[in-house]
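**Student:** only geometry, no sequence info:
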């Protein structure tokens, strides 16, 4: 290990240049105002052609907008700042992971009939107060 080389690399100017080069390689996010969500912008150059891909998700769960910072990397993996250790193959799988990991934010809905009306809960008998299943 060359201590002088490490010290030179850690100098503010050298480190700043390195970080700027690395930042240019990764997709960046454009945070929109209001409910417009986050836009991921990916840029690549291929065979002399500049490719720009902008991805923005407008997601609803149970008819309500989901304001989750979801993005896509250059390999097509979906990520979310709310679940930093998760990467999924689709936005649908990411939303399922959000529902599973934050159940209090997604209250259960009453079952619906074919006409769309909420079903009334079935009458319960008070025969026994012991649970059917033991864990």
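**Tutor:** That came in fine, so what should we check first? As the structure is a computational prediction, the values presented were derived from the model and not from experiment.

**Student:** use CA for all of it now, contacts and neighbours both
**Tutor:** Will do.

**Student:** next SSE after the least confident helix or strand in the chain by mean pLDDT?
**Tutor:** Evaluated with mean pLDDT, DSSP states H and E, the helix-and-strand set of the chain has its lowest mean pLDDT in strand 28-31, which scores a mean of 49. Downstream of strand 28-31, the next assigned helix or strand under DSSP states H and E is strand 38-46.

**Student:** Mind listing the strands that following strand pairs with, and their directions?
**Tutor:** Paired neighbours of strand 38-46 in the sheet (DSSP bridges): strand 28-31 (antiparallel), strand 49-56 (antiparallel).

**Student:** hey, where'd the strands end up in the protein?
**Tutor:** Under the criterion DSSP state E, the chain contains strands at 28-31, 38-46, 49-56, 59-61, 64-66, 70-72, 78-80, 83-88.

**Student:** Comparing the ones you listed, which yields the minimum mean pLDDT?
**Tutor:** Sorting the strands of the chain by mean pLDDT places strand 28-31 lowest, at a mean of 49.

**Student:** any weak-confidence spans in this protein?
**Tutor:** 22-37, 112-113, 116-135 (pLDDT under 70).

**Student:** switch to 80 and redo it
**Tutor:** Low-confidence segments of the chain (pLDDT under 80): 1, 15-38, 109-135.

**Student:** From the centroid of it, which residue is nearest?
**Tutor:** residue 80 (2.5 Å; CA atoms, centre = their mean).

**Student:** Could you count how many residues lie near the residue lying closest to it once chain neighbours are set aside?
**Tutor:** Spatial nearest neighbour of residue 80, excluding adjacent residues (CA to CA, 6 or more residues apart in numbering): residue 70 at 4.4 Å. For residue 70, the neighbour count with other CA atoms under 10 Å is 24.

**Student:** Contact partners for residue 70?
**Tutor:** By CA atoms under 8 Å, 6 or more residues apart in numbering, the contact set of residue 70 is 38, 57, 78-81, 91.

**Student:** Quickly note the distance from it to residue 104.
**Tutor:** 20 Å (CA to CA, to the nearest Å).
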